[in-house]
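>>> Sequence plus predicted model, see below.
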Amino acid sequence: MNPKYLDLLAQKYDSEEKVVTEIINLEAILNLPKGTEHFVSDLHGEYQAFQHVLRNGSGNVKEKIKDLFQDVLTEKEMNEFATLIYYPEEKLQLVKNTFISDQEVNQWYIVIIYRMIKLISYASSKYTRSKLRKALPNQFVYIIEELLYKADDSNNKEQYYTKIVQQIISLGQAEKLITGLAYTTQRLVVDHLHVVGDIYDRGPEPDKIMETLINYHSVDIQWGNHDVLWLGAFAGSKVCLANIIRICARYDNLDIIEDVYGINLRPLLNLAEKYYNDNPAFRPKAHSDKKLTDHERLQITKIHQAISMIQFKLEMPIIKRRPNFNMAERLLLEKIDYDKNEITINGKTYQLENSCFATVNPEQPDQLLEEEAQVIERLLFSVQHSEKLARHMNFLMKKGSLYLRYNGNLLIHGCIPLDEEGNMEKMVIENTTYAGRELLDKFEHYLRHAFAHPEKTDDLATDMVWYLWTGEYSSLFGKRAMTTFERYFIKEKETHKEKKNPYYHLRENEDLCRRILEEFDLNPEQGHIINGHTPVKEIEGENPIKANGKMLVIDGGFSKAYQSTTGIAGYTLLYNSYGMQLVAHKQFNSKQDVLCNGTDVLSVKRLVDKELERKKVIETNVGEELLQEISILNSLREYRYMK
Ligand SMILES: O=P(O)(O)OC[C@H]1O[C@](O)(COP(=O)(O)O)[C@@H](O)[C@@H]1O
Ligand SMILES: [Mn+2]
């Protein structure tokens, strides 16, 4: 080991005792049970539902409460207590209103603080004291440690405990403490969060999800196709940008663009007002909680058409300059007979309906009007100068990757593109052929390059980000083509179908899943593939646990728009030291409902894997890092203190 490096390290560990203490500490951590991993996917802007699973740890909080209190508390009391842990501020208000004297309230504080301390002591039993300390509310660390450690060791326990708590109450700190303890509990039940893609699009509050993730104690993200669409827009891809605005218009979420990220839509609106009218195919989808006036609806309908047409035009030059994308069949504006208002696809001619081609020059359909070109230029400028968007996109890059190997599992939003025989599909990029893991690494390389060069808008890297959104061999998309155009303009449903990559039926096969795990250098005996992206239709009897448990698909439809097709409200996955459990969420009761009625009956657990022996930190990714640290510390000890 480089002596310079060791000298530097010696500044931190400036005595043998310090080195030895750290080694002992790390060795001890290695032998603790592994922390709980929590997997979610396809959040699609559904912040409220996401908050709820995060706060209840996919049922983990409730489970711990049951373990401790089921013999002493009623079901109702346990529910009330759980609600207090999830939403402490609101629940405190509600409970206080039910009391008639301060004395009663104070009595309640004492009982509750006692229960919370007990719960935290239990939930933190597999962590070191130092880790627990980090999870405690700053201003109360000392007091809570007193309560945690001293409270159970002597006969004076009761008295000592009561004294401290009474002090807290008389100093007016009880509610702050309770709130802090609730958040500590939430934090302790989940050690690490994986978001397996698709934070953005369809739902109303992706920005709030991003803020939550930014403040979360430990998280990684596997990008979904919708996330790379946003990354692409920020990285300079105009066609990605047109797509994100189109989707926001379609789902009546333009305020995300305008109000949340501060992007000026005025120029686009002016263009839309000039060329478009009402059009049933482009009316925004209705929100359950937001009513539009006729005027607003009409405006959005016009914007939706304006940006869709810009998108269709922008796709064409990319398709032409990138023959290896194999997308020539998507040059749809060239396949239209503008006089007859018909289109010929795969030799079959269809009547077009709801068409809105006022800005299209039939001779050169990919040409943007000068006004359109200006609009998209200005939008791009505005997007790339949004401070908030920059913060969110930078975080997405920092914590994100196309796939992740973590504790033996392979996490990936979409798929590994395969042919019908189960071979990895090949793609030629810049005269080199890639497949499987190498192809994915190449994709990620281009995405990072595009992101690092936002000023380039037409280079291969930037085009590649769009390919990740919609290309046939994109590991995030996994379909032959995206039939957006057909769904707007052609009645015949056969044209709307998006043919899925064979991966989606082959992944039922255990051998294939094992082969994929091997391709990623993972042990097929122990690993699992964890996917999001395609909603599992429980309603039709589809099982999220496939290939004899090797494949887990956790897109169950957080997205409200998709819940009627899945029949549930989302899956999440928990992986603790005892094994893996899939949690099916029946419904996300509104926060109000949970608060007032304690209705939180939301999860049905299914065992995926049970460990024969409790898994320890030493067997995890973190454990590997700790082992390296120990080895470095040992080198330091020899070099510095044993000569
Ligand atoms: O339901 P919408 O908004 O029309 O979106 C449909 C489009 O979304 C996609 O399913 C991609 O989104 P997902 O990643 O959420 O599946 C496309 O394949 C399809 O064309
Ligand atoms: Mn997806």
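Now that the structure is in, tell me what you want to look at. Ligands and ions are numbered 1, 2, ... in the order given.

>>> contacts, neighbours, all on C-alpha from now
Fine.

>>> could you list every residue that touches the residue nearest to the spatial centre of the chain?
Taking C-alpha atoms, centre = their mean, the centroid of the chain lies closest to residue 195, which sits 3.4 Å from it. The contact partners of residue 195, by C-alpha atoms under 8 Å, 6 or more residues apart in numbering, come to 39, 40, 41, 219, 220, 221, 222.

>>> so the fourth one touches residue 192, yeah?
Yes - between residue 219 and residue 192 a contact is recorded at 5.7 Å, counting by C-alpha atoms under 8 Å.

>>> Give the burial count for whichever residue of the stretch 301-450 of the chain sits closest to ligand 1, as a bare number.
Of all residues in the stretch 301-450 of the chain, the one sitting closest to ligand 1 is residue 414 (8.1 Å; C-alpha to the nearest ligand atom). Counted with other C-alpha atoms under 10 Å, the burial measure for residue 414 works out to 28 neighbours.

>>> The one 4 residues further on now?
The burial count assigned to residue 418 is 21, neighbours taken as other C-alpha under 10 Å.

>>> can you offset everything so residue one is 20?
Taking 20 as the first residue, the last one we looked at is residue 437.

>>> tell me which parts of the protein are close to ligand 1?
The chain comes close to ligand 1 at residues 244, 501, 502, 503, 552, 553, as judged by C-alpha under 6 Å from any ligand atom.

>>> picking that back up, host element of the residue of the stretch 320-469 of the chain closest to ligand 1?
Applying DSSP states H and E as the criterion places residue 433 outside every helix and strand.

>>> Need the nearest residue in space to it, chain neighbours excluded.
Among residues not flanking residue 433 along the chain, residue 495 sits closest, at 4.4 Å (C-alpha to C-alpha, 6 or more residues apart in numbering).

>>> How about residues contacting the lowest-mean-pLDDT helix or strand in the chain?
Comparing every helix and strand of the chain by mean pLDDT, DSSP states H and E singles out helix 582-585 as the least confident one, with a mean of 72. Helix 582-585 has contacts (C-alpha under 8 Å, 6+ apart) with 554, 555, 556, 557, 558, 575, 576, 588.

>>> Select only the buried ones of the residues you listed in ChimeraX?
Command for ChimeraX, covering only those of the contacts of helix 582-585 found buried under the criterion 16 or more other C-alpha atoms under 10 Å:
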select :554,555,556,575,576,588
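
>>> which one of the contacts of helix 582-585 sits closest to residue 29?
residue 575 (50.8 Å; C-alpha to C-alpha).

>>> in which helix or strand would I find residue 387?
For residue 387, there is no host helix or strand (DSSP H and E).

>>> Around it, count how many other residues there are.
By other C-alpha under 10 Å, 19 other residues sit near residue 387.

>>> got a list of what whichever residue of the stretch 20-169 of the chain sits closest to ligand 1 touches?
The nearest approach of the stretch 20-169 of the chain to ligand 1 comes at residue 61, 7.1 Å away (C-alpha to the nearest ligand atom). Contacts were defined as C-alpha under 8 Å, 6+ apart; by that measure residue 61 touches 215, 216, 217, 218, 243, 551, 552, 574, 576, 577, 578.

>>> nearest to ligand 1, of the residues you listed?
When these are compared against ligand 1 (criterion: C-alpha to the nearest ligand atom), the nearest one is residue 552, at 5.1 Å.

>>> quick one, helices of the stretch 520-662 of the chain?
Assigned helices in the stretch 520-662 of the chain, in chain order: 522-525, 529-538, 582-585, 610-616, 640-655 (criterion: DSSP state H, counting those that start in this stretch).

>>> Buried residues, stretch 439-448. List them.
Neighbour counts over stretch 439-448 (16+ other C-alpha under 10 Å) mark 441, 442, 443, 444, 445, 446, 448 as buried.

>>> Generate CSV for these, with secondary structure and distance to residue 298 as supplementary columns.
As requested, the buried residues of stretch 439-448 are arranged in CSV below (DSSP: H, G, I helix; E, B strand; the rest coil; distance: C-alpha to C-alpha, whole Å):
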residue, secondary structure, distance to residue 298
441, coil, 44
442, coil, 45
443, strand, 43
444, coil, 40
445, strand, 41
446, strand, 39
448, strand, 40
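
>>> how's the chain carved up into domains?
Residue ranges for the domains of the chain, per automatic domain parsing: 77-208, 244-508.
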